[in-house]
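**Student:** starting from these lines, generate the structure:
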Amino acid sequence: MSRFLHKLERWARPLATPHLFLAIIIGQTFFYLCALLGLFDPTRLMFAWAEVYAGEWWRIFTFPFSPPVVHWALFAFAVACLHSLGQALEAEWGALRFNLFLTSGWVLTLALGLLAPGQVMGNGFIAGSVFLAFAYLNPNHVFHLYLILPVKAKYLAALTLSLYLIYFVTGQAGERLAIIASLGNCALFLGPQLLADWRGGRRRLVLGARRRAEERAEAAAGPRHRCVICGKDSDSHPHEDFRYRADDRCYCSEHVKAPLTGPNSSA
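**Tutor:** Have a look, this model is predicted:
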């Protein structure tokens, strides 16, 4: 992690709050049930600077608790997934870093919202950044879609990024800014590791290409050793003990004591 984040962690260490993400999920569930019973309009929780300027200042703090407008079964599935992802990230990063990750996503959304004050912005892409962070740190983790189909996290992350691209191209300004905030948040916390992994992967690619070139050159040049009597070579008999004698010719272990021939046979 960058020096800036290390300094930020040292400054914010007293503010670490375990299970913050769980509290957000519980809040979303509460407001979803209220909306389902017709007791509350969840759109009053969503964020838009135009509404804040009009006096509804609480939207700055309540939009993380705004539930998605989906079927209850899909909402229950999403809540269960997000809860497990949040637990995994908090266990891997620690409560402080995970809290900072959530807070920075919130701050970036507020800041970018100034570019389109009339656009309503939810928290769906912040939740998406939680999944993307988990998928990057655990690319081979297997999810069972519909409890049957096994899919690795890295493939679901690729699908998520594809959907982000579609939303960015076809969506409104608020969606585009929320996507930028989500990806910017991932870049802030995962950027140094991503850069290190990219450099390491590039180095491995270079070394692999060099090794393959050397293997091709060796294959084109033929075997390094070949017995002048029987024709055994180091490629077909890699465990054979080949020797060179005074006539500068190669012999296998079977024929290494054969009489010398050639100009150096008297040596």
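**Student:** for the stretch 151-267 of the chain, give me the ranges with low pLDDT.
**Tutor:** Applying pLDDT under 70 to the stretch 151-267 of the chain flags the ranges 200-206, 208-209, 218-221, 261-267.
**Student:** hmm, try it at 90
**Tutor:** Scanning the stretch 151-267 of the chain for pLDDT under 90 picks out 151-154, 171-175, 187-267.
**Student:** over to the stretch 1-150 of the chain?
**Tutor:** 1-20, 38-48, 63, 67-84, 86, 92-97, 116-127, 137-150.
**Student:** can you give me the strands in it?
**Tutor:** Remark: strands assigned in the stretch 1-150 of the chain by DSSP state E, counting those that start in this stretch are 142-145, 149-152.
**Student:** export the ones you listed to TSV and tack on distance to Leu112 and mean neighbour count?
**Tutor:** In this view, the C-beta of every residue, glycine as well, is placed from N, C-alpha and C. Below are the strands of the stretch 1-150 of the chain laid out as TSV (distance: least, Cβ to Cβ, whole Å; neighbours: other Cβ atoms under 10 Å):
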stretch	distance to Leu112	mean neighbour count
strand 142-145	30	10
strand 149-152	31	11
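**Student:** nearest to Val120, of these?
**Tutor:** Closest of these to Val120 is strand 142-145, at 30.4 Å (criterion: Cβ to Cβ).
**Student:** can you give me how far that closest one is from the chain middle?
**Tutor:** 17 Å (Cα atoms, centre = their mean, to the nearest Å).
**Student:** so what's the spatially closest residue to Leu190 that is not a sequence neighbour up against?
**Tutor:** Closest residue to Leu190 apart from its sequence neighbours, by Cβ to Cβ, 6 or more residues apart in numbering: Tyr136 at 5.6 Å. By Cβ atoms under 8 Å, 6 or more residues apart in numbering, the contact set of Tyr136 is 157, 186, 190, 193-194.
**Student:** if we can go back for a sec, out of the strands of the stretch 1-150 of the chain, which is closest to Ala246?
**Tutor:** For the strands of the stretch 1-150 of the chain, the distance to Ala246 is smallest for strand 149-152, at 61.4 Å, taking Cβ to Cβ.
**Student:** which neighbouring elements make contact with the closest one?
**Tutor:** Judged by 3 or more Cβ pairs under 8 Å, 6 or more residues apart in numbering; DSSP states H and E, the packing partners of strand 149-152 are strand 142-145.
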